[in-house]
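In: no sequence for this one, just the structure:
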């Protein structure tokens with residue numbers, strides 16, 4: 001059917017001598033309709049290009065402002081990918097052939113491989129190691145396409161019911177998603193994880209827009225498998241979302257089979273088996289071909305145990321998700337879900353089920369950090385836009401864009417409260433509907449004291465001595481000192497940070513100097529970071545390990561009222577002391593043992 005003319009092609013069109021009206025009228029001939037439609041499509045394409053350009057400029061401007069008001073001290077995950085981008089960019093700029101060997105090795109073995117920063121490397125060649133260029137690149141190259149795909153998924157749900165929003169409404173819905181704070185929070189923190197939403201979104205569109213059991217099932221399965229593997233390639237933790245996606249897709253396919261006439265079920269079941277078989281075979285084959293080392297390590301690792309320190313009760317995890325959304329955004333999502341249930345909208349319910357199962361599966365391993373909620377919120381925002389349009393449909397047509405524009409105030413206010421200093425204070429009257437979590441530009445209190453401590457440590461280690469930092473928080477850590485002064489990395493004896501994941505590294509105890517804080521600073525519950533708290537407490541008290549140390553510098557008054565001190569080792573670390581340290585940790589972890597080299601941990605079973 002041609003939507004503009006209303007003409008329906010029929011059998012008579014194929015009968016020689018019959019001249020239907022559409023062919024007898026030259027202005028309505030197929031080639032005339034196509035030619036007449038091209039200018040409209042071109043105009044629409046130009047408008048879309050202008051909208052995307054404006055959105056990109058807004059993103060760049062916002063990122064530039066955000067970075068400009070930060071202290072450039074990015075540690076741990078906030079700085080890891082930025083540093084990886086800079087190191088890889090240096091290799092590319094120098095034409096170093098090592099880069100060609102490094103990329104496949106990183107893909108094959110690394111938990112945090114280089115693939116997510118490779119598309120950003122042209123920005124390094126153009127702007128150098130600029131934090132602004134890096135963050136803006138993540139926003140424009142990854143976040144903006146993710147917003148577009150989110151809207152396409154929502155439009156797929158609407159078209160399932162024959163609903164077609166106007167271009168103006170689509171633009172406003174896109175702005176609503178573009179301003180969604182949970183998409184921006186990890187991006188502004190320097191995490192490129194939103195890149196995974198692009199292939200995940202493509203996989204979602206492929207499943208929703210085609211009957212995976214009837215239209216080229218093998219080809220569709222291969223395409224979906226490729227897209228899912230790409231999401232895993234970019235960030236391994238997407239595996240939870242990918243498995244949830246496949247399970248939900250299989251269940252929805254099964255429901256379609258059961259609803260089909262009896263004589264069609266066998267054929268549809270066969271086609272579904274072909275599609276999902278091709279999907280699984282493609283994803284597994286690519287993972288084994290390109291990521292053998294990582295896959296082997298994943299199969300041999302209990303991430304539930306390794307990340308136990310990052311786990312919280314399930315109720316608390318629900319609260320965390322709510323605090324990132326806020327009551328306003330959550331209400332829009334719930335309204336969309338309610339309408340989808342009432343209308344039995346397959347696409348919207350598919351997205352909601354994927355989001356729910358992803359949360360449940362991830363929650364069994366750890367409480368989701370800010371980046372881990374991206375796939376959940378991607379699917380839920382598609383449900384929100386679907387519900388938003390269904391609600392606006394009850395209004396008279398002229399009022400729909402007006403109300404949609406007014407609703408933009410919700411994510412915009414949430415963004416101001418989340419990212420702008422003093423923004424929450426200015427919007428105090430809206431606090432009840434805004435997200436509780438903020439991601440303000442990174443600042444370091446009492447920075448002069450950090451600099452003074454580093455100056456003293458540089459003087460103490462001028463002969464090449466090492467420093468062990470027994471602190472693990474945003475106030476102080478070895479990685480924070482490296483972020484302040486990258487050239488100091490060679491003098492750091494890196495400690496372990498998380499018991500179940502790392503064990504205890506002896507490197508900091510072999511260093512001549514140690515930095516400890518009072519009070520002891522940790523970023524996880526104390527029982528999960530004994531590798532930091534035990535040596536810190538003993539050095540401060542001069543007991544156990546601390547008998548081999550004496551204070552030589554400090555206090556340094558750091559952020560949040562924390563003081564730091566520098567201690568010097570006065571006795572060498574010998575095997576007897578290592579055994580005493582091992583005995584101390586066995587109070588908490590009976591299976592831990594010294595490996596005879598540089599680590600105390602639970603030896604793997606043979």
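Out: Now that the structure is in, tell me what you want to look at. None of these values were measured; they are calculated from a predicted model.

In: where does the protein have low pLDDT?
Out: By pLDDT under 70, the low-scoring segments of the chain are 1-41, 210-214, 604-606.

In: Can you give me the domain boundaries for it?
Out: When the chain is parsed into structural domains using automatic domain parsing, the resulting residue ranges are 1-69, 144-419, 447-601.

In: is it possible to export those to a markdown table including distance to residue 110 and mean neighbour count?
Out: Any C-beta I mention is one placed from the backbone N, CA and C, and that applies to glycine too. Conversion of the domains of the chain to a markdown table gives the following (distance: least, C-beta to C-beta, whole Å; neighbours: other C-beta atoms under 10 Å):
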| stretch | distance to residue 110 | mean neighbour count |
| --- | --- | --- |
| domain 1-69 | 26 | 12 |
| domain 144-419 | 7 | 19 |
| domain 447-601 | 16 | 18 |
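
In: Out of those, flag the one nearest residue 135.
Out: When the domains of the chain are ranked by proximity to residue 135, the top entry is domain 1-69, at 4.6 Å, counting by C-beta to C-beta.

In: For residue 471, see how far away residue 548 is.
Out: From residue 548 over to residue 471 the distance is 19 Å, taken as C-beta to C-beta, to the nearest Å.

In: what's the answer for residue 480, then?
Out: 8 Å.

In: swap in residue 336?
Out: Relative to residue 471, and taking C-beta to C-beta, residue 336 is found at 45 Å.

In: show me the residues around the residue nearest to residue 312 when sequence neighbours are not counted that make contact.
Out: Counting by C-beta to C-beta, 6 or more residues apart in numbering, residue 367 is the residue found nearest to residue 312 once chain neighbours are left out, at 4.1 Å. With contacts taken as C-beta atoms under 8 Å, 6 or more residues apart in numbering, residue 367 has the following neighbours: 310, 311, 312, 316, 317, 320.

In: A helix includes residue 367, no?
Out: No - inclusion of residue 367 in a helix is not indicated when DSSP: H, G, I helix; E, B strand; the rest coil is applied; the result is coil.

In: Quick check: phi and psi at it.
Out: The phi/psi pair for residue 367 (degrees, to the nearest 10) reads phi -70, psi 130.

In: go on, residue 524?
Out: With angles defined as degrees, to the nearest 10, residue 524 shows backbone torsions of phi -130, psi 170.

In: these two touch, right, it and residue 498?
Out: Yes - A contact is recorded between residue 524 and residue 498 when judged using C-beta atoms under 8 Å, the distance being 6.7 Å.

In: sorry, back to before: take the contacts of residue 367 and keep only those in helices.
Out: Taking DSSP state H, the ones among the contacts of residue 367 that sit in helices are 316, 317, 320.

In: how close does the closest residue to the first one other than its chain neighbours sit to residue 523?
Out: With sequence-adjacent residues excluded and distances taken as C-beta to C-beta, 6+ apart, residue 316 is closest to residue 367, at 7.0 Å. Counting by C-beta to C-beta, the gap between residue 367 and residue 523 amounts to 13 Å.

In: so where do the strands sit in the protein?
Out: Ranges of strands in the chain, per DSSP state E, are 467-470, 504-505, 513-518, 549-557, 563-569, 593-594, 599-601.

In: Can you pull out the residues in contact with the last one?
Out: To tie it back to what came earlier, the one meant is strand 599-601. Where contact means C-beta under 8 Å, 6+ apart, the residues beyond strand 599-601 that reach it are 502-506, 578, 581-582, 585, 592-595.

In: Tell me the strands beside that strand, with direction?
Out: Paired strands of strand 599-601, with direction, are strand 504-505 (antiparallel), strand 593-594 (antiparallel) (DSSP bridges).

In: would you turn the ones you listed into TSV with distance to residue 275?
Out: Listed next are those as TSV, based on distance: least, C-beta to C-beta, whole Å:
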stretch	distance to residue 275
strand 504-505	48
strand 593-594	49
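
In: Ok, which of those comes nearest residue 351?
Out: Shortest separation from residue 351 across those is recorded for strand 504-505, at 43.4 Å, computed as C-beta to C-beta.

In: How far off centre is the closest one?
Out: Strand 504-505 has its average C-alpha position 29 Å from the chain's average C-alpha position, going by C-alpha atoms, centre = their mean, to the nearest Å.

In: And the contacts of that strand?
Out: Contacts to strand 504-505, defined as C-beta under 8 Å, 6+ apart, come from residues 494, 495, 496, 531, 581, 585, 592, 598, 599, 600, 601.

In: run the last query once more with 10 Å
Out: Taking contacts as C-beta atoms under 10 Å, 6 or more residues apart in numbering, the residues outside strand 504-505 that touch it are 468, 493-497, 530-532, 534-535, 581-582, 584-585, 589, 592, 594, 598-601.

In: With stretch 358-365 instead?
Out: Contacts of stretch 358-365 with the rest of the structure, by C-beta under 10 Å, 6+ apart, involve 237-245, 247-248, 302-308, 310-314, 316-318, 320-321, 368, 372-376, 378-380.

In: now, which of those lie within helices?
Out: Among the contacts of stretch 358-365, the members falling in helices (DSSP H) are 239-245, 247-248, 303-306, 314, 316-318, 320-321, 374-376, 378-380.

In: quick one: residue 124 and residue 93 touch, right?
Out: Yes - A contact is recorded between residue 124 and residue 93 when judged using C-beta atoms under 10 Å, the distance being 6.9 Å.

In: ok, now how distant is the residue nearest to residue 316 from residue 304?
Out: 12 Å.

In: intersection of neighbour lists for those two?
Out: Here residue 367 and residue 304 share the contacting residues residue 311, scored by C-beta under 10 Å, 6+ apart.

In: quick one on the thing from earlier: identify the contacts common to residue 480 and residue 471.
Out: Contact with both residue 480 and residue 471 is made by residues residue 558, according to C-beta under 10 Å, 6+ apart.

In: on that earlier part again, any chance of CSV for the contacts of residue 367, columns distance to residue 455?
Out: As requested, those are arranged in CSV below (distance: C-beta to C-beta, whole Å):
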residue, distance to residue 455
310, 35
311, 39
312, 39
316, 41
317, 43
320, 39
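
In: tell me the two of the contacts of strand 599-601 that are most distant?
Out: Pairwise distances among the contacts of strand 599-601 were taken by C-beta to C-beta; the largest, 16.9 Å, belongs to 502 and 578.

In: one step back: who's more crowded, residue 124 and residue 93?
Out: The neighbour count for residue 124 versus residue 93, taken as other C-beta atoms under 10 Å, is higher for residue 124 (23 against 13).

In: Stretch 424-435: end-to-end distance?
Out: Its start and end residues considered, stretch 424-435 measures 10 Å (C-alpha to C-alpha, to the nearest Å).

In: Equivalent analysis for stretch 432-439, please.
Out: Looking at stretch 432-439, the gap from its leading to its trailing residue is 18 Å under the measure C-alpha to C-alpha.

In: Now list whatever residues contact both of residue 524 and residue 498.
Out: Counting by C-beta under 10 Å, 6+ apart, the shared contacts of residue 524 and residue 498 are 308, 309, 310, 472, 532.

In: Specify which member of these is nearest to residue 562.
Out: Closest approach between those and residue 562, by C-beta to C-beta: residue 472, at 12.3 Å.

In: OK, contacts around the closest one?
Out: Residue 472 touches 76, 478-480, 495-498, 517, 520-524, 529, 531-533, 536, counting by C-beta under 10 Å, 6+ apart.

In: Please apply the same query to residue 135.
Out: 59-60, 62-64, 66-67, 70, 82, 187-192.

In: now it: how far from residue 318?
Out: Counting by C-beta to C-beta, the gap from residue 135 to residue 318 is 30 Å.

In: so residue 389 sits right up against residue 407, yeah?
Out: No - the pair residue 389 and residue 407 does not pass the contact test of C-beta under 10 Å, sitting 11.1 Å apart.

In: can you list residues touching both of those two?
Out: Residues touching both residue 389 and residue 407 comprise 172, 173, with contact defined as C-beta under 10 Å, 6+ apart.
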